[in-house]
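> give me the fold of what follows.
(one chain, ligands or ions: 2)
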Amino acid sequence: MEKMRQAVMTKAGHIDFTEVPVPEIWIEQVLLKVMRIGVCGSDIHVFHGKHPYVSFPLVQGHEVSFEVVRAGAGVKDFKPGDRVTIEPQVSCGKCFPCEQGMYNICDNLKVIGFQAMGTASDYFAADASRLVKLPSNMDFGSGAMIEPLAVAVRAVKKAGIRNGMKALVLGAGPIGNLTAQTAKAMGAAKVIIADINDFRLKKAVDCGIDCAVNTSKEDLSAVVDKTFGSREKADVIFECAGAVPLMQTAVSLARKGTHIVVVGVFGEKVPMDMALVNESELSVIGTARYVIEDFKTAIGLVEKGLVKLQPLITDEFDFLKYEDAYRHIDENRDKVMKVLIKVNA
Ligand SMILES: [Zn+2]
Ligand SMILES: [Zn+2]
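Ligands and ions are numbered 1, 2, ... in the order given. Here you go, the predicted structure:
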């Protein structure tokens with residue numbers, strides 16, 4: 001039986017490489033060669049043993065690009081050589097949210113790389129129904145970033161962005177950056193992005209975001225008034241950092257009727273001025289991951305040149321250096337955006 005490498009996180013902070021059989025595929029499945037894997041904030045929480053919903057050992061990898069090796073007899077849409085990515089949620093299909101088509105919030109949801117086997121191997125077997133084709137000219141690094149872009153796409157769809165709207169994005173990490181770009185791409189007339197990290201703000205400017213504010217140096221409220229108008233302010237505010245003070249900032253900067261979209265993942269509870277939410281008719285909107293249509297929208301935005309992914313990729317590590325990638329992230333917090341693992345060339 002043919003063997004492959006697999007990266008197994010045996011405990012927090014430790015990755016072992018083992019040899020396991022190349023997976024078999026069922027007729028509706030596709031055998032994929034793993035090309036690039038993106039490391040995201042949730043992966044980092046797992047590495048540090050701080051993710052509440054995982055147990056070790058586990059195989060990571062949910063932001064990923066592949067090349068199709070072989071398709072099962074029942075698969076029509078994919079052939080060897082195709083570039084694809086995966087919508088990495090495993091839902092039950094039976095619970096109330098699943099019945100309503102909201103399988104991203106399935107009661108029994110498992111996400112690959114967390115509660116289900118991830119892609120950190122040379123090969124991966126996946127149901128064809130969960131794969132999305134990448135353009136043949138898209139590089140594998142960008143292909144691995146369609147997943148985080150799909151998070152941004154869903155957030156912007158949930159916000160109800162319409163042409164001409166003004167959006168404020170709090171947090172300029174990969175998700176904040178992609179949310180800002182997507183808001184513009186989907187019709188926002190003006191976008192302000194705010195952070196305290198100049199490197200991340202510069203990346204946002206490189207990606208075409210016109211107004212990037214360092215809130216440790218400038219008064220964000222004044223910038224909002226100047227850029228959007230003191231009467232109009234922001235139609236939509238996206239919280240993309242999962243930070244308590246930023247959520248409070250979002251409420252305090254809102255005008256009457258502003259939509260506040262909670263994109264960041266919060267580790268703690270947020271005391272909020274609910275009287276203001278009430279009296280100003282604020283809409284506080286949750287958004288969790290994505291559905292497969294969001295991946296298709298994401299790919300379309302990149303193909304049309306409306307969203308740039310390359311400036312976000314700051315580092316690439318070979319598969320066997322997976323642990324080094326995490327150390328690099330820990331030691332260079334202020335100059336890292338997206339780190340990729342190169343599994344195969
Ligand atoms: Zn992720
Ligand atoms: Zn379900």
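> so residue 283 is in contact with residue 256, correct?
No. In this structure, residue 283 is not within contact of residue 256 by CB atoms under 8 Å, at 11.1 Å. (Glycine included, C-beta is placed from N, CA and C.)
> the two: which has the busier surroundings?
Between residue 283 and residue 256, counting by other CB atoms under 10 Å, residue 283 is the more crowded of the two (15 against 10).
> tell me the pLDDT of the more buried one.
pLDDT, the model's per-residue confidence, is 97 for residue 283.
> so for it, what's the nearest residue that isn't a sequence neighbour?
residue 259 (4.6 Å; CB to CB, 6 or more residues apart in numbering).
> do the same with residue 63
residue 38 is the one closest to residue 63 (CB to CB, 6+ apart), at 3.4 Å.
> and what of residue 80?
Counting by CB to CB, 6+ apart, the residue nearest residue 80 is residue 68, at 5.4 Å.
> that neighbour belongs to a strand?
Yes. The assignment for residue 68 by DSSP: H, G, I helix; E, B strand; the rest coil puts it in a strand.
> mind checking pLDDT for it?
pLDDT at residue 68 comes out at 98.
> how close does it get to ligand 2?
28 Å (CB to the ion, to the nearest Å).
> need the contact list for that residue.
Residue 68 makes contact with 30, 31, 32, 33, 78, 79, 80, 81, 82, 83, 84, according to CB atoms under 8 Å, 6 or more residues apart in numbering.
> which residues does it bridge with?
Counting by DSSP bridges, residue 68 is bridged to residue 32.
> which bits of the stretch 51-200 of the chain sit near ligand 2?
Proximity of the stretch 51-200 of the chain to ligand 2 (CB under 5 Å from the ion) is limited to residues 91, 92, 95, 98, 106.
> what about those, which are in helices?
Within those, membership in helices is found for residue 98, as judged by DSSP state H.
> which among the residues of the stretch 51-200 of the chain next to ligand 2 count as buried?
91, 95, 98, 106 (16 or more other CB atoms under 10 Å).
> next, the closest residue to the last one other than its chain neighbours: phi, psi?
Looking back up the chat, that one is residue 106. What sits nearest to residue 106 in space, not counting adjacent residues and going by CB to CB, 6+ apart, is residue 91, at 3.7 Å. When read as degrees, to the nearest 10, the backbone of residue 91 gives phi -110, psi 160.
> wouldn't residue 91 be in contact with residue 103 here?
Yes. Under the contact definition of CB under 8 Å, residue 91 touches residue 103, with a separation of 3.7 Å.
> and for the two, which residues touch both?
residue 109.
> sorry, back to before: now the contacts of residue 68 in a markdown table, with neighbour count and secondary structure?
Below are the contacts of residue 68 laid out as a markdown table (neighbours: other CB atoms under 10 Å; DSSP: H, G, I helix; E, B strand; the rest coil):
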| residue | neighbour count | secondary structure |
| --- | --- | --- |
| 30 | 28 | strand |
| 31 | 19 | strand |
| 32 | 29 | strand |
| 33 | 19 | strand |
| 78 | 19 | coil |
| 79 | 11 | coil |
| 80 | 12 | coil |
| 81 | 9 | coil |
| 82 | 18 | coil |
| 83 | 18 | strand |
| 84 | 23 | strand |
